[in-house]
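Visitor: pasting a predicted model and its sequence here:
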Amino acid sequence: MVTFVNKLTVHGDHDAFLAVRARLTAYMSAQPGYVSHQNLRALGAGNVHLEIAVWDSAEAHRAAVGSDGFRAIVADLKPLVTAEPAMYETEDAAAPLEAAGVR
């Protein structure tokens, strides 16, 4: 599994952003390989959002974002936000702690 994290800074109409994000979330959640999704809003910086999505694989995410449906929705999102996307893999947090003698 992989986790996609996207920091979105809204500089356009916030209500329009929320509407487009809802469409995008609905679309992506129906794609093969999608596992789960969470949206977070920064306290004290209401225009900063984190989108966190878990996928079966990077390939499944790549296929979803390469689709015409995704591109059509993102075209509506681009004028409203600045995006900073990145894909992450899970690290085993327990292994370094155990190696350091911490349990």
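Guide: Here it is on my side, so go on. This structure is a prediction, so every number in the text was calculated from the model and none was measured. Residues are numbered from 1 along each chain as shown.
Visitor: what's around residue 50, how many residues?
Guide: Close neighbours of residue 50, defined as other Cβ atoms under 10 Å, add up to 14. (Each C-beta comes from the backbone N, C-alpha and C, glycine too.)
Visitor: what strand or helix carries the residue nearest to it when sequence neighbours are not counted?
Guide: Nearest residue to residue 50, sequence neighbours excluded (Cβ to Cβ, 6 or more residues apart in numbering): residue 40, at 4.3 Å. Per DSSP states H and E, residue 40 falls inside strand 34-41.
Visitor: do you know how far the spatially closest residue to residue 89 that is not a sequence neighbour is from residue 67?
Guide: Once flanking residues are discounted, residue 89 sits nearest to residue 2: 5.6 Å by Cβ to Cβ, 6+ apart. Distance, residue 2 to residue 67, using Cβ to Cβ, to the nearest Å: 18 Å.
Visitor: name the helices or strands packed onto the strand holding residue 40?
Guide: helix 14-29, strand 48-55 (3 or more Cβ pairs under 8 Å, 6 or more residues apart in numbering; DSSP states H and E).
Visitor: quick one: residue 20 and residue 74, what's the gap?
Guide: As for residue 20, its distance to residue 74 is 9 Å (criterion: Cβ to Cβ).
Visitor: now swap in residue 54 and tell me
Guide: Distance check for residue 54 against residue 74: by Cβ to Cβ, it reads 20 Å.
Visitor: ditto for residue 58
Guide: Applying Cβ to Cβ to residue 58 and residue 74 gives a distance of 18 Å.
Visitor: follow-up on the earlier one: who's more crowded, residue 20 and residue 74?
Guide: residue 20 (21 against 15).
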